[in-house]
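Enquirer: Show me how the following folds:
(one chain, ligands or ions: 2)
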Amino acid sequence: MSELSTTILDRIRDVPDYPKPGVMFKDITPLLADPVAMAAVVDELAGLHQVDKIVGIEARGFILAAPVAYRAGAGFVPVRKKGKLPAATLEESYDLEYGSATIEVHRDAFAPGDRVLVVDDVLATGGTAKAAVELVKRAGAEVVGIAVLMELAFLKGRERIEGERLHSLVIV
Ligand SMILES: O=P(O)(O)OC[C@H]1O[C@H](OP(=O)(O)OP(=O)(O)O)[C@H](O)[C@@H]1O
Ligand SMILES: Nc1ncnc2[nH]cnc12
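Expert: Ligands and ions are numbered 1, 2, ... in the order given. Have a look, this model is predicted:
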């Protein structure tokens, strides 16, 4: 395992039965509180691809994606839960490990053919990532990759986004 993977794993806390019984929640707040570890994570994600835009998925995805965009010299595009974006949007609904949701992106968020990296904290069932990819494509941009801190392999999210390039800094 790489040094960065160990650094991340050591700073993710398991919280049993949150938000529902049977779910082992991966809490990234200890990692967020460590500036050296966070700098290493942001640098790693920012170096993955040359892109025009970084997409962050509300809410935990924003915390990672915004500094990655800054570091990469790319624009930041928010994908938000339904009802939060003010202008005309595209929307996708999906199921995730402990519920269901609808996310949106502004219709004019991308220039035609923009190269985009989608960033989030956790890939679980892959429902969220798949919906975000669909939104980016429907909005006229190219998804060059999906990057997550942690992939929960037993939930098989990778299969849901087959055909996309997935970068997981840690796989558990
Ligand atoms: O692969 P999936 O099964 O779709 O699950 C992964 C998603 O679940 C969490 O978001 P959540 O919707 O809990 O929102 P939050 O970031 O606002 O906490 C996480 O931040 C991912 O976006
Ligand atoms: N087990 C989990 N921990 C943290 N975020 C999640 N998103 C979906 N499943 C999750």
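Enquirer: Restricting to C-alpha, output stretch 106-113 in CSV.
Expert: This file holds the C-alpha atoms of stretch 106-113, laid out as CSV (Å, rounded to 0.1, in the frame of the first residue of the first chain):
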residue,chain,number,x,y,z
HIS,A,106,-26.5,24.1,-14.4
ARG,A,107,-27.3,23.6,-18.0
ASP,A,108,-24.6,26.1,-19.0
ALA,A,109,-21.9,24.9,-16.5
PHE,A,110,-19.6,23.7,-19.3
ALA,A,111,-18.2,24.9,-22.6
PRO,A,112,-18.8,22.3,-25.4
GLY,A,113,-16.2,19.6,-25.1
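Enquirer: Return the residues in contact with the residue of the chain most remote from its centre.
Expert: Ranked by distance from the centre of the chain (Cα atoms, centre = their mean), the top residue is Pro21, with 24.2 Å. By Cβ atoms under 8 Å, 6 or more residues apart in numbering, no residues touch Pro21. Placement of C-beta: from N, CA and C, glycine included.
Enquirer: and it, helix, strand or coil?
Expert: coil (DSSP: H, G, I helix; E, B strand; the rest coil).
Enquirer: Show the pLDDT at it.
Expert: Pro21 is assigned 97 on the pLDDT scale.
Enquirer: Over to Phe25?
Expert: For Phe25, pLDDT reads 98.
Enquirer: do the same with the one 3 residues further on
Expert: The pLDDT attached to Ile28 in the predicted structure is 98.
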